[in-house]
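Chemist: coordinates only, sequence not included:
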């Protein structure tokens, strides 16, 4: 297994670690929120061969850094960053499974990562993309100093395939945020941008938990 070229990151009650087999096996059993969030289903990691390939790929030296957020020995989230994207430090695969929501994991995880990036890999800005229907994530990003810089229509293969399978009634809540164009489904997405050093409200959940 290749050795990662980046350290563990500690802070906000979390340890952000490079992928390993044990953490990947935990992620294989994460819950999923269902349509239209199914794209974060990591069930394929239950297969030992696929899990080994995923871990090896995540630990390769290259433009991307892949972290698993760990709390009290339990994998509670994950995030990746592209250090060489032309737009800045591009954050992607921001993922907290439903069983670990409600404790500020997303905010805390991103805050720890961005503080490290500002020190070790300074770039002009932080950038991430979120589907317009993911309002829960939008609140976390805004609390961390992100603002919507652009709106786009995006083709997401997995969501597009799901849109073909679901009924019109199931699609109804997304009507304003999806469209069928040029023979395929597209989803409205927001491009969020954050300037380095922008204030971050990480929340009080972890502080309250530590105090108790």
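Modeler: Sure thing, it's come through. Because the structure is predicted, anything quoted here is derived from the model rather than measured.
Chemist: most centrally placed residue in the protein?
Modeler: By CA atoms, centre = their mean, the chain has its centre lying nearest to residue 94, at 0.4 Å.
Chemist: Look up how far residue 110 lies from that residue.
Modeler: The gap separating residue 94 from residue 110 is 7 Å, by CB to CB, to the nearest Å. Quick note: C-beta positions are derived from backbone N, CA and C, even for glycine.
Chemist: Show me the common contact partners of these two, please.
Modeler: Listed as contacting both residue 94 and residue 110 by CB atoms under 8 Å, 6 or more residues apart in numbering are residue 79.
Chemist: related to what we said a few turns ago, the residue nearest to the centre of the chain falls within a strand, correct?
Modeler: Yes: assessed with DSSP: H, G, I helix; E, B strand; the rest coil, residue 94 lies in a strand.
Chemist: isn't it right up against residue 113?
Modeler: No: with contact defined as CB atoms under 8 Å, residue 94 does not reach residue 113; the gap is 9.7 Å.
Chemist: Pull the residues that contact the biggest helix by length in the chain.
Modeler: Taking DSSP state H as the criterion, the chain has its longest helix at helix 105-120. Applying CB under 8 Å, 6+ apart, the contact partners of helix 105-120 are 9-14, 16, 67, 69, 71, 76-77, 79, 81, 89, 91, 94, 96, 123, 126, 137, 140-141, 143-144, 194, 196-197, 200-203, 206.
Chemist: hmm, which of those residues are the buried ones?
Modeler: The neighbour-count test (16 or more other CB atoms under 10 Å) marks 9, 12-14, 16, 67, 69, 71, 76-77, 79, 81, 89, 91, 94, 96, 123, 126, 137, 140-141, 143-144, 194, 196, 200, 202-203, 206 as buried among the contacts of helix 105-120.
Chemist: one step back: what sits in contact with each of residue 94 and residue 113?
Modeler: Counting by CB under 8 Å, 6+ apart, the common neighbours of residue 94 and residue 113 are residue 79.
Chemist: just for the protein, where's the confidence low?
Modeler: Applying pLDDT under 70 to the chain flags the ranges 1, 38, 204-212.
Chemist: Run through who's touching the longest strand along the chain.
Modeler: Looking across the chain with DSSP state E, the single longest strand is strand 184-194. Contacts with strand 184-194, where a contact means CB under 8 Å, 6+ apart, come from 36, 88, 114, 125-133, 138, 141, 144-156, 159-160, 163-164, 174, 176-180.
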